[in-house]
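Enquirer: turn this into a model:
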Amino acid sequence: MSPTTLPAGLEHGHVTFLGAGPGDPGLLTLRAVEALANADVLVGEHEVLDVVRTHARAGVAELNTDTDPSTGAYPGAGTPQLTVVDGESTAAGVPALRDAAHLVMEAARGGKRVVRAVSGDPGLDAYAAGEMLACAAEGVPFEVVPGIATAVGVPAYAGVPLRDAQGADVRFVDARTASERCWTEVGASDGTVVVSTTLDSVAAAAGELVAAGRKPDTPMTVTVAGTTTRQRTWTATLGSIAQTLKQAKVLPSPEGGRPVIAVVGERSAAAQRDQLSWFENKPLFGWKVLVPRTKEQAASLSDQLRSYGAVPHEVPTIAVEPPRTPQQMERAVKGLVTGRYEWIAFTSVNAVRAVREKFEEYGLDARAFAGIKVAAVGEQTAKALVDFGVKPDLVPSGEQSAAGLLEDWPPYDPVFDPIDRVFLPRADIATETLVAGLIELGWEVDDVTAYRTVRASPPPAETREAIKGGGFDAVLFTSSSTVRNLVGIAGKPHNVTVIACIGPATAKTAEEHGLRVDVMAPEPSVHKLAEALADFGLKRRAAALAAGDPVTRPSERRPGARRRRSTT
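Expert: You can find the predicted model right below:
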């Protein structure tokens, strides 16, 4: 029986105290993902809920336990405010006000599966013990799903190993609650000290360590927003950290209360951070990249960009709608069943989706493709077919395009091919390259409009201003239509924004719209396009370091003139 399955007759629900890690959603454990998928209610601070909600089921309720950063108190009469996100509300529409333990217990008393999500690890980073005792006192079953502790995960992402080959002693200190005795003990040690503190208290914590006996020249690293793409790390010593932060203009700051992790010690490898800082040295670290595609199409591309350290922002420029006259599509799908076609060729994920929707409308499934050869224009289209239960017979071995598909397509042979007809479900604006090529190979083609592509609605005003004002570091154009539609619904990207195009035709369209193309994929593939942008970012970083300049993102440099087409 699963830990989240309630035995018959059990009066109370079940509570899972879950460690969400230091901030990177990719650090959630497999057990955490399983618990979230079964949860009825999520309880946690706003930033923690942002990390875990992706793995929760639709309709889950979220109870926010955030405190007021200026006072440390919960909103509303000093208690946490209950916010139910799935549309349900409390009596008279007034949110209930309870402390975190009461939020957990009330949901559990109602027979709900509750996930109490905390930052880091429940046993080290949070004060969850009191809530666990409350569950035990009332007989509410609970479990603990450990997470990666912030004090361990953040130094790893900052490139600061806590132990060397000699196995240095490691001490963990929470500066916000540390006693004088605690400071004295860690000051007398020569091991590594990991200090949890806030940005405006770093200098004071360093002073405590010096006063307790640590040398002022002891190496120290300070990391804010660890494990996220906002992460930033400074390297200094106990004696110089205050000046280092002042020169970096991070103190004083209206956000000075942000939590940070500081690592102190001769053996903490702070001096080697330039070589070990794998996360902040990612080729597109912190870059805000505009992905102008439909959300479904952008998913895999966005995942790839995240692996390079980028922050993808998906803006649909094309909306997919059914054909105005569906009869042609209906006849073609019926023809599949009656044996009219030898081949069906899919040139996009949208074409797969359109045919699949028609199949479901008629009560058909992938078995209707029996006896029919299936072609896919590329890997993404092939994956969509496999998800449908269809393994394509033909995928281009070279270029993933209509031209690449034609290179591998066999000519019609009346001896081996009993039927000479190909079903080609496509968009209403598709080019004639594939049709003409198939006819030249001796095939008859039913070129059917399976869906229409129309310009999407404009993005929110904030996004439009970021596009025109230089808020994005790069934009990826995957077709000429994405160029035309983005400019049409949101305006031209600012001149500091790096323009990356999937191929020569798309680049030409971008130049016709007054944009200078900085990056072009070596072959027409969205993944090769992302790789090309990452390579551009690496070279840009290397050039800055070679020149002795700070590594900045394109959006951090704002020339006044708008981007103009290059004349070279």
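Enquirer: quick check: what element follows the strand ranked longest in the chain along the chain?
Expert: Secondary structure of the chain per DSSP state E: the longest strand is strand 444-455. Using DSSP states H and E, the helix or strand that follows strand 444-455 in sequence is helix 461-469.
Enquirer: show the end-to-end separation of stretch 191-206, please.
Expert: 15 Å (CA to CA, to the nearest Å).
Enquirer: which elements pack onto the longest strand of the chain?
Expert: In terms of contacts (3 or more CB pairs under 8 Å, 6 or more residues apart in numbering; DSSP states H and E), strand 444-455 is packed against strand 318-321, helix 327-338, helix 349-362, strand 421-427, helix 433-440, helix 480-490. (Each C-beta comes from the backbone N, C-alpha and C, glycine too.)
Enquirer: could you pull up phi and psi at residue 132?
Expert: As for residue 132, its main-chain torsions (degrees, to the nearest 10) stand at phi -60, psi -40.
Enquirer: from now on call the first residue 34
Expert: Noted, 34 is the first residue going forward, which turns the last one into residue 165.
Enquirer: can you put the helices and strands packed on strand 477-488 in a markdown table and add mean neighbour count and distance to residue 311?
Expert: A markdown table is the format used below for those (neighbours: other CB atoms under 10 Å; distance: least, CB to CB, whole Å):
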| stretch | mean neighbour count | distance to residue 311 |
| --- | --- | --- |
| strand 351-354 | 16 | 36 |
| helix 360-371 | 15 | 50 |
| helix 382-395 | 19 | 33 |
| strand 454-460 | 22 | 42 |
| helix 466-473 | 17 | 43 |
| helix 513-523 | 21 | 32 |
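Enquirer: on that earlier part again, check which residues of the longest strand of the chain are buried.
Expert: Of the residues in strand 477-488, 478-484, 486 count as buried by neighbour count, 16 or more other CB atoms under 10 Å.
Enquirer: could you do stretch 490-506 as well?
Expert: Under the neighbour-count criterion of 16+ other CB under 10 Å, stretch 490-506 has 492, 496-497, 499-501, 503-506 buried.
Enquirer: from those, which single one is nearest residue 182?
Expert: residue 506 (31.8 Å; CB to CB).
Enquirer: tell me the confidence at the spatially closest residue to the closest one that is not a sequence neighbour?
Expert: Closest residue to residue 506 apart from its sequence neighbours, by CB to CB, 6 or more residues apart in numbering: residue 320 at 4.0 Å. The model reports residue 320 with a pLDDT of 97.
Enquirer: do the same with residue 87
Expert: Note for residue 87: predicted pLDDT of 90.
Enquirer: could you count how many residues lie near the closest residue to it other than its chain neighbours?
Expert: Closest residue in space to residue 87, ignoring its immediate chain neighbours: residue 58 at 6.4 Å, by CB to CB, 6+ apart. Applying other CB atoms under 10 Å, we find 17 residues neighbouring residue 58.
Enquirer: quick check: residue 516 touching residue 541?
Expert: No - judged on CB atoms under 8 Å, residue 516 makes no contact with residue 541 at a distance of 9.4 Å.
Enquirer: gap between residue 73 and residue 178?
Expert: Distance, residue 73 to residue 178, using CB to CB, to the nearest Å: 16 Å.
Enquirer: so for those two, which residue has more residues nearby?
Expert: Ranked by neighbour count (other CB under 10 Å), residue 73 and residue 178 place residue 178 first, with 24 against 21.
Enquirer: so how far is the longest helix along the chain from its chain's centroid?
Expert: Secondary structure of the chain per DSSP state H: the longest helix is helix 559-579. From the chain centre to the centre of helix 559-579 is a distance of 19 Å (CA atoms, centre = their mean, to the nearest Å).
Enquirer: all good on my end, thank you.
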